[in-house]
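Engineer: Test case, fold it:
(chains A and B)
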Amino acid sequence: MIDTGPNIVPLGESAWTVVLGDKISRALHQRVTGLMARIASARLPGVIEIVPAYSTVTVFFEGNAKAIRTRLDEICHVERNEVAEPNGHAEQSEAAASRLHTIPVVYDGPDLSYVAEQTGLSTEEVIRHHSEPEYLVYLLGFAPGFAYLGDLHPALVLPRRSSPRTRVPAGSVAIAGAQTGVYPLTTPGGWHLLGSTPVRMFDPAREPAALLRAGDRVCFEPVG
Amino acid sequence: MIEIEKAPPFATIQDLGWKTGRAIGLPRSGAMDPLMLGLANSLVGNPSGAAGIEWALGAGTLRTWEPCELVILGAGEVLVDGGPSDALHPVIPAQPGTRIEIKPRSDHRFLYVAVRGGVDVPSVMESRSTYLPGGFGGFEGRRLRSGDLVPVGPAVHAELGVSVHPRISAGPAGEDVQLRVTPGPQWERFDERARETLFEGRFMVSAASDRMGYRLDGPAIIAGVSATLPSEAACPGAIQIPDGGQPIVIMPDGPTVGGYPKIAVVVAADLRVLAQCLPGRGVKMSRID
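Structural biologist: Here you go, the predicted structure:
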């Protein structure tokens, strides 16, 4: 399906979701980030929060759904035309706001040898493939401060565990599909655990509470 | 101070939750039945968003250690120093040493204890709600236990007037609850038969339901085209349809994003009615736009 035009659908009575596509890609992420900035700078009355995801932007609001919808239609129309004839403006402003984080990792996770076995790699190669790329934070969700990072080296792409663990410790560095991430809290989880980090991804007493935000870049540095 | 002399199996401090934070994965959290908490707060003269005790799954006892005014809404029975409370005067004027026994109802899951001045636990990111999966907020980020001493805040001048809602109760336990829903973001992915199943089918609240999500047992709803999608924003009330076809309704502590298609969204006024349903309660859905 080729669909570059935004499609706006309701998420209940108090949110609109703008759908820009149905894939995971850096190009789509750029559009998501650009559209988010446009909506934020329009300062629409009643907007509470703008939530980015892989291929959507969701606008939560209080008040008149139709009024917000009308303004969103206008903003999306402009965005669509400028994407068709890019001038590079949106990309530049987005790059300036992106921060690079280096997260130290001890690669001693319980699934390291399983991942090596399944991918036909040595554990050293698994560590190298995981720690070489500069990842992009596509979105946060699942748990407070949990960032979905991509794109994982193609050789490391595996389905989730067939039965999720009931308890994954906070700080676990894990992979699943084409994604990697760090568990901010001790929660149940179905990803493969490669290692752990002492970095606190989420601390409600800190400002800001979440270490990462959408659009940031992350590198993993093997230690120990 | 209010002492939790004997805690019920599940009690937490809740207010109306985090207004923002979805962009960093923080759920709204807050009361499962915001209307009932708000009413209880109004009756003691608090703003509707003051923190109170959300109490579930059993009986217990409170003891007050300072003069305070309490309202307990949604309980089956409340005994004050061994005697029945006065239903016509719901505000309990408690003194140091007053003992309040609380018994739940058999047709509601959550009841609320509001105190004039509100429960004065530290505010975390501008809410006093307890978010158990994260172990933060509320009273030390955990459920209340017997022996806990819950602080009471100073009374503030509240807005006047009690907002009255046509559906305070979830209705008698034997009756199905009727939930109004709006079409969800992936409505178009479900064919006529799936939509019919949603509106014609009768579902039951599963025992596998908690503050994060309520599962509904009943006829399977199958998406016409590819089911999962790249994760996108969700919200309390969203009805997710996983591959097996059994709906899951996201509740206040549920995830802020998800990859399951959302066929519909329960309207906010009815979500608290669902929240109050005990396992086994029948649920029917109807569409509004």
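Engineer: From here on, just use CA atoms for contacts and neighbour counts.
Structural biologist: OK.
Engineer: any idea how far the closest residue to chain A within chain B lies from B:Ile53?
Structural biologist: Going by Cα to the nearest Cα, chain A is nearest to B:Gly25 of chain B, at 3.9 Å. Relative to B:Ile53, B:Gly25 is positioned 25 Å away (Cα to Cα, to the nearest Å).
Engineer: can you check B:Gly30 too?
Structural biologist: Taken as Cα to Cα, the span from B:Gly30 to B:Ile53 is 11 Å.
Engineer: Next, the distance between the ends of stretch A:118-137.
Structural biologist: First-to-last distance for stretch A:118-137 - Cα to Cα - comes to 26 Å.
Engineer: Report the buried residues of it.
Structural biologist: A:121, A:123, A:126-127, A:129-131, A:134-137 (16 or more other Cα atoms under 10 Å in any protein chain shown).
Engineer: try stretch A:158-175
Structural biologist: Under 16+ other Cα under 10 Å, the buried positions of stretch A:158-175 are A:158, A:168-175.
Engineer: what does stretch B:74-91 give?
Structural biologist: For stretch B:74-91, the neighbour count (16+ other Cα under 10 Å) marks B:74-75, B:78, B:80, B:85, B:90-91 as buried.
Engineer: How is A:Val78 assigned, secondary-structure-wise?
Structural biologist: helix (DSSP: H, G, I helix; E, B strand; the rest coil).
Engineer: for B:Ile72, same thing?
Structural biologist: strand.
Engineer: now residue 14, nearest residue through space, not along the chain?
Structural biologist: Since no chain was named, I'll use chain A. Excluding the flanking residues, the one nearest A:Ser14 by Cα to Cα, 6 or more residues apart in numbering or on different chains is A:Phe61, at 5.4 Å.
Engineer: think we crossed wires, I meant chain B
Structural biologist: Excluding the flanking residues, the one nearest B:Gln14 by Cα to Cα, 6+ apart is B:Ser129, at 4.1 Å.
Engineer: can you tell me which residues contact the one you found?
Structural biologist: By Cα atoms under 8 Å, 6 or more residues apart in numbering or on different chains, the contact set of B:Ser129 is B:13-18, B:29-31, B:51, B:137-138.
Engineer: go with 6 Å
Structural biologist: Counting by Cα atoms under 6 Å, 6 or more residues apart in numbering or on different chains, B:Ser129 makes contact with B:13-15, B:17, B:30, B:137-138.
Engineer: how's chain B carved up into domains?
Structural biologist: B:2-150, B:177-287 (automatic domain parsing).
Engineer: Give me the mean pLDDT for the last one.
Structural biologist: This means domain B:177-287. Domain B:177-287 carries an average pLDDT of 92.
Engineer: Give me the distance between it and the centre of its chain.
Structural biologist: Its chain's C-alpha centre and that of domain B:177-287 lie 17 Å apart, by Cα atoms, centre = their mean, to the nearest Å.
Engineer: Then stretch A:182-202?
Structural biologist: 15 Å.
Engineer: Give me the residues contacting it.
Structural biologist: By Cα under 6 Å, 6+ apart, stretch A:182-202 touches A:104-109, A:111-112, A:145-146, A:160-161, A:164-176, A:209-211.
Engineer: B:Cys277 versus the spatially closest residue to B:Val119 that is not a sequence neighbour, what's the distance?
Structural biologist: Leaving out its chain neighbours, the residue that sits closest to B:Val119 by Cα to Cα, 6+ apart is B:Val152, at 4.7 Å. Distance of B:Val152 to B:Cys277, given as Cα to Cα: 30 Å.
Engineer: thinking again about what came up before, can you lay out the buried residues of stretch A:118-137 as TSV showing distance to B:Gly218?
Structural biologist: Output for the buried residues of stretch A:118-137, formatted as TSV (distance: Cα to Cα, whole Å):
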residue	distance to B:Gly218
A:Leu121	45
A:Thr123	46
A:Val126	44
A:Ile127	46
A:His129	45
A:His130	43
A:Ser131	46
A:Glu134	46
A:Tyr135	42
A:Leu136	41
A:Val137	38
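Engineer: restrict the contacts of stretch A:182-202 to those near chain B?
Structural biologist: Under the cut-off given by Cα under 6 Å from any Cα of the partner chain, chain B has A:Gly145 from the contacts of stretch A:182-202 close to it.
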